[in-house]
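**Student:** Model the following, please.
(one chain, ligands or ions: 1)
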Amino acid sequence: MQYSLFFIQRFKGKVLFNVPMSEHTSFRIGGPADVMAFPKDEGDLKDLIAFAESKGFPFHVLGAGTNLLVRDGGVRGIVVNICEGFKDISWLEGGKATVGAGVKLIELVNQSRDRGLSGLEFAVSIPGTVGGAVIMNAGAYGGEMKDIVEGVEIIGRKGHKGFIPKSELNFSYRRAELPKGAIVTRAHMRFSEKDAEDIKERMREFREKRKATSAIPFPNAGSIFKNPEGKVAGRLIDEAGLKGERSGGAQVSETHANYIVNTGGAKAKDVLALMALIRDRIYSLKGIVLEPEIKVIGED
Ligand SMILES: Cc1cc2nc3c(=O)[nH]c(=O)nc-3n(C[C@H](O)[C@H](O)[C@H](O)COP(=O)(O)OP(=O)(O)OC[C@H]3O[C@@H](n4cnc5c(N)ncnc54)[C@H](O)[C@@H]3O)c2cc1C
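**Tutor:** Just a heads-up that it's a prediction; the model follows:
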C-alpha cells in the first residue's frame, strides 16, 4: 500500500484504510475514503500535510461531518480527521479563549455559559466542531461565529504554521476564506461578560425555537441551501410543494423543507437528484438560483 511506510515510520495518531464515510457524516451517507488519518498534534499534522503534498496525494479536512455530503464512490487520497486531536480550550483574561479546532461546539457553548461568558448562545443547537463552525461561519438567530472569532491558527499546505487575523478571513454568509489547503488548528475568540442566568435563558429560548421548527427524526446535514438575499430557502421550497418529495431513500423533510433526510439506505445520488429537482423547480417558478450550503466531496 502506497501510504503505509509514512504512517508506520512517523505518524503518532490513528490511521484507518478504506473507511466508509457514511460512518463519519451526520447524513450517514458516503462511499469509502482511501485513508483516514487522525493527527494527534500539530507535529503530526505538519508531517502529514508535507507528506501528502510531496507525493501529490489529495487531502480533505473533516470536522464532525455535519455539513457534508460524500458521493457514493468515496474519497481518493487522505481524509484528515481533526476530531481526536486539537481538543484543548484555554481560558484567558478578558473573556478571551483559544480553542482547538476539534472541540465540539456544544462543549465550548457549555463552558462559556458556565463562566458567565456571552457570545455563543446562538450556537446551542448547532452540531459539529469549532473548526467546522469557523470555516462555515455557522450561525443562527442573528448570531454568527464571526461575532466572536478574532483569528485562527493554521497549518498551511506546505506544512508551515500561521495565524490569520479576522480581517483576512473575510467572513460572509456561511463562509470564511482561508489560504488554499490550510487547516484550522485553533480559533482565538473573545466573549463578553454577562449574567449567567441571562445566558441560560437565551439558550433555553433558542433550544425551544429549534424544537418547534426542526425536530427531525432522520439523519440529515442541516440546511441544504443558503437563504437567497431577502428570502428563506425553506419557505420557497415549501411553497413549491416539494415537502415529502422522494428519490430513493432520500426525502425532502416533511418538517423543514430546507432539510433533506436519509429515511434509510439513501445514496448521495438520491440527495443530489433531489437537490437538482429543487433548484430547477425554484428557478422555473421564481427565477431564483439556490446555492448549496452543504459541501459535497468525493467521486460518483
Ligand atoms: C441537525 C443540524 C442542524 C444544523 N444547524 C445549523 C445552524 O443552525 N446553523 C449553521 O450555520 N449550521 C447548521 N448546521 C450545519 C453544521 O452543523 C455546521 O456547518 C457546522 O459548523 C459544521 O461543522 P463540522 O465540524 O461538522 O464540519 P464538517 O461538516 O466536517 O466540514 C464542513 C466544512 O468545513 C471544513 N473544515 C472542517 N474543519 C476544518 C478545519 N479544522 N480546517 C479547515 N477546514 C475545515 C471541511 O473541509 C468542510 O468543507 C446543522 C447541521 C445539522 C446536522
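**Student:** Spell out which residues of the stretch 151-300 of the chain are next to the ligand.
**Tutor:** Contacts of the stretch 151-300 of the chain with the ligand, taken as Cβ under 6 Å from any ligand atom, map to 183-184, 220-222, 295. Every C-beta, even on glycine, is put in place using the N, C-alpha and C of the backbone.
**Student:** repeat that for 8 Å
**Tutor:** Contact residues, the stretch 151-300 of the chain versus the ligand (Cβ under 8 Å from any ligand atom): 154, 174, 178, 182-185, 210, 214, 216, 220-223, 259, 293-295, 297.
**Student:** Which among those residues count as buried?
**Tutor:** 154, 174, 178, 182-185, 214, 220-223, 259, 293-294, 297 (16 or more other Cβ atoms under 10 Å).
**Student:** Helix, strand, or coil at whichever residue of the stretch 201-300 of the chain sits closest to the ligand?
**Tutor:** Nearest to the ligand, among the residues of the stretch 201-300 of the chain, is residue 222, at 2.5 Å (Cβ to the nearest ligand atom). With DSSP: H, G, I helix; E, B strand; the rest coil as the basis, residue 222 sits in coil.
**Student:** was I right about it contacting residue 261?
**Tutor:** No: counting by Cβ atoms under 8 Å, residue 222 stays clear of residue 261, with 11.0 Å between them.
**Student:** in the helix or strand hosting residue 279, what's buried?
**Tutor:** Element membership of residue 279, judged by DSSP states H and E, is helix 268-286. For helix 268-286, the neighbour count (16+ other Cβ under 10 Å) marks 268-275, 278-279, 281-282 as buried.
**Student:** Alpha carbons of it, as CSV, please.
**Tutor:** Extracted in CSV, the C-alpha atoms of helix 268-286 (Å, rounded to 0.1, in the frame of the first residue of the first chain):
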residue,chain,number,x,y,z
ALA,A,268,-25.6,10.5,-2.3
LYS,A,269,-27.0,10.3,-5.8
ASP,A,270,-30.5,10.4,-4.3
VAL,A,271,-29.7,13.5,-2.4
LEU,A,272,-28.1,15.1,-5.4
ALA,A,273,-31.2,14.2,-7.5
LEU,A,274,-33.5,16.0,-5.0
MET,A,275,-31.2,19.0,-4.9
ALA,A,276,-31.3,19.3,-8.7
LEU,A,277,-35.1,18.9,-8.6
ILE,A,278,-35.4,21.7,-6.0
ARG,A,279,-33.1,24.0,-7.8
ASP,A,280,-34.8,23.5,-11.2
ARG,A,281,-38.3,24.0,-9.7
ILE,A,282,-37.4,27.1,-7.7
TYR,A,283,-35.6,28.6,-10.7
SER,A,284,-38.6,27.9,-13.1
LEU,A,285,-41.2,29.2,-10.5
LYS,A,286,-39.3,32.2,-9.1
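**Student:** so what secondary structure elements neighbour it?
**Tutor:** The contact analysis (3 or more Cβ pairs under 8 Å, 6 or more residues apart in numbering; DSSP states H and E) places helix 268-286 against strand 68-70, helix 233-239, strand 246-247, strand 250-252, strand 260-262.
**Student:** Just put those in a markdown table and tack on mean neighbour count and mean pLDDT.
**Tutor:** A markdown table is the format used below for the helices and strands packed on helix 268-286 (neighbours: other Cβ atoms under 10 Å; pLDDT from 0 to 100):
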| stretch | mean neighbour count | mean pLDDT |
| --- | --- | --- |
| strand 68-70 | 25 | 98 |
| helix 233-239 | 19 | 97 |
| strand 246-247 | 16 | 98 |
| strand 250-252 | 25 | 98 |
| strand 260-262 | 25 | 97 |
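**Student:** Distance to residue 124 added to the ones you listed, as a markdown table?
**Tutor:** Below are the helices and strands packed on helix 268-286 laid out as a markdown table (distance: least, Cβ to Cβ, whole Å):
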| stretch | distance to residue 124 |
| --- | --- |
| strand 68-70 | 21 |
| helix 233-239 | 20 |
| strand 246-247 | 32 |
| strand 250-252 | 26 |
| strand 260-262 | 22 |
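**Student:** Residue 92: which of the ones you listed is closest?
**Tutor:** Nearest of the helices and strands packed on helix 268-286 to residue 92, taken as Cβ to Cβ: strand 68-70 at 31.6 Å.
**Student:** near the ligand, anything from that closest one?
**Tutor:** Yes: on the criterion Cβ under 8 Å from any ligand atom, strand 68-70 is in touch with the ligand at residue 68.
**Student:** Brilliant, that's me finished.
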